[in-house]
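**Student:** Here's a sequence, model it:
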Amino acid sequence: MLHTLSGKRPKSDLVEDMKEFVAVYDAAEKESSDPKGVAIRMLKLERGKDDIDEPINSVLRGALRMVAAMLDLNAKIPIENRGDQQPTKYEMKAYNKARDEIAEGVILLQKRARQSKSARS
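**Tutor:** Next up, the predicted model:
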């Protein structure tokens, strides 16, 4: 469904993609060991260091901001008109900030995985 919305699969059928998503969700719900079912998280756009979902939120926020930065950059300097022209540091600032936020979330996820692994040992 995300590929369709992003234009990666322009010939796909959005209804079929949504059906596929529901099928994947239903299968995950059947296989889930959580009695509450599969957790669908809503992204918190503000930072919450004490929030248990902060690593995931950080990655998602960074990904959304990166897409926005890329769209903004390509709107200012279309790829087909760019030639050898490279974006300036200033033009790359939002993209780099988003990349750093994704990296921070990944580091937090790795720390959590190590803590979980050591707790099981």
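
**Student:** Which residue lies nearest the spatial centre of this protein?
**Tutor:** The residue lying closest to the centre of the chain (CA atoms, centre = their mean) is residue 60, at 3.7 Å.

**Student:** which element is it on?
**Tutor:** Assigned by DSSP states H and E, residue 60 belongs to helix 54-76.

**Student:** That helix: which residues count as buried?
**Tutor:** Neighbour-count burial for helix 54-76 flags 54-63, 65-66, 69, 73 (criterion: 16 or more other CB atoms under 10 Å). (Each C-beta comes from the backbone N, C-alpha and C, glycine too.)

**Student:** Name the residues that touch that helix?
**Tutor:** Helix 54-76 has contacts (CB atoms under 8 Å, 6 or more residues apart in numbering) with 41, 43-45, 47-48, 51, 87, 91-92, 94-95, 97-106, 108-109, 112.

**Student:** I'd like to know which of those are buried.
**Tutor:** Buried, going by 16+ other CB under 10 Å: 94, 95, 98, 99, 101, 102, 104, 105, 108, out of these.

**Student:** ok, the last one - contacts?
**Tutor:** With contacts defined as CB under 8 Å, 6+ apart, the neighbours of residue 108 are 54, 55, 58.

**Student:** will you turn those into JSON lines that also has pLDDT and distance to residue 77?
**Tutor:** Formatted as JSON lines, those follow (pLDDT from 0 to 100; distance: CB to CB, whole Å):
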{"residue": "54", "pLDDT": "83", "distance to residue 77": "34"}
{"residue": "55", "pLDDT": "85", "distance to residue 77": "33"}
{"residue": "58", "pLDDT": "86", "distance to residue 77": "28"}
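
**Student:** I'm done for today, thanks for sticking with me.
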